[in-house]
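A.B. asks: Here is a sequence with its predicted model. Questions after.
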Amino acid sequence: MTAPTLEAPAPSTALTRGDRCDRCGAQAYVRATIPSADGLTLLFCGHHFRAFEPGLVESGAAIHDERHRIAAQVTDD
């Protein structure tokens, strides 16, 4: 019997208000999928993505970045 695996969301799947940063719980605007970790997917707010971006890029992570939506929300209010 094999353990169930979690499938990473398709890179084109938009992040929603329900997606939360894995570090602090704030709304996530970036999804990083790490192929070397069997497709592990991590969610980040803008702040935590900036902190971890160099390591994620170095690891070859696929990055889905929606931080442009942060500025759009500020101007919509």
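C.D. replies: The structure has been received and is ready for your questions.

A.B. asks: Now name the helix or strand holding Pro54.
C.D. replies: Following DSSP states H and E, one finds Pro54 within helix 46-58.

A.B. asks: next helix or strand past that helix?
C.D. replies: Sequence order places strand 62-65 as the next helix or strand after helix 46-58, per DSSP H and E.

A.B. asks: any idea how far that following strand is from the chain center?
C.D. replies: 7 Å (C-alpha atoms, centre = their mean, to the nearest Å).

A.B. asks: which helices and strands does that strand pack with?
C.D. replies: Secondary-structure packing of strand 62-65 (3 or more C-beta pairs under 8 Å, 6 or more residues apart in numbering; DSSP states H and E): strand 30-34, helix 46-58. For glycine as for every other residue, the C-beta is placed from the backbone atoms N, C-alpha and C.

A.B. asks: Among these, show me which one is buried the most.
C.D. replies: strand 30-34 (a mean of 21; mean count of other C-beta atoms under 10 Å).

A.B. asks: Tell me who's in contact with His47.
C.D. replies: Cys24, Ala26 (C-beta atoms under 8 Å, 6 or more residues apart in numbering).

A.B. asks: From Ala14, how far out is it?
C.D. replies: Applying C-beta to C-beta, to the nearest Å, the value for His47 to Ala14 is 20 Å.

A.B. asks: With Ala51 instead?
C.D. replies: For Ala51, the distance to Ala14 equals 23 Å [C-beta to C-beta].

A.B. asks: before we move on, what about His68?
C.D. replies: As judged by C-beta to C-beta, His68 and Ala14 stand 12 Å apart.

A.B. asks: Can you give me the pLDDT of the closest residue to Ser36 other than its chain neighbours?
C.D. replies: Counting by C-beta to C-beta, 6 or more residues apart in numbering, Ser36 lies nearest to Ser59, which is 6.1 Å off, once chain neighbours are set aside. For Ser59, the pLDDT comes out at 93.

A.B. asks: Check Ser12 too.
C.D. replies: At Ser12, the predicted lDDT confidence score is 59.

A.B. asks: Could you do the one 3 residues further on as well?
C.D. replies: The per-residue pLDDT reported for Leu15 equals 97.

A.B. asks: tell me the secondary structure for it?
C.D. replies: Put simply, Leu15 is coil when judged by DSSP: H, G, I helix; E, B strand; the rest coil.

A.B. asks: Fine by me, we can end here.
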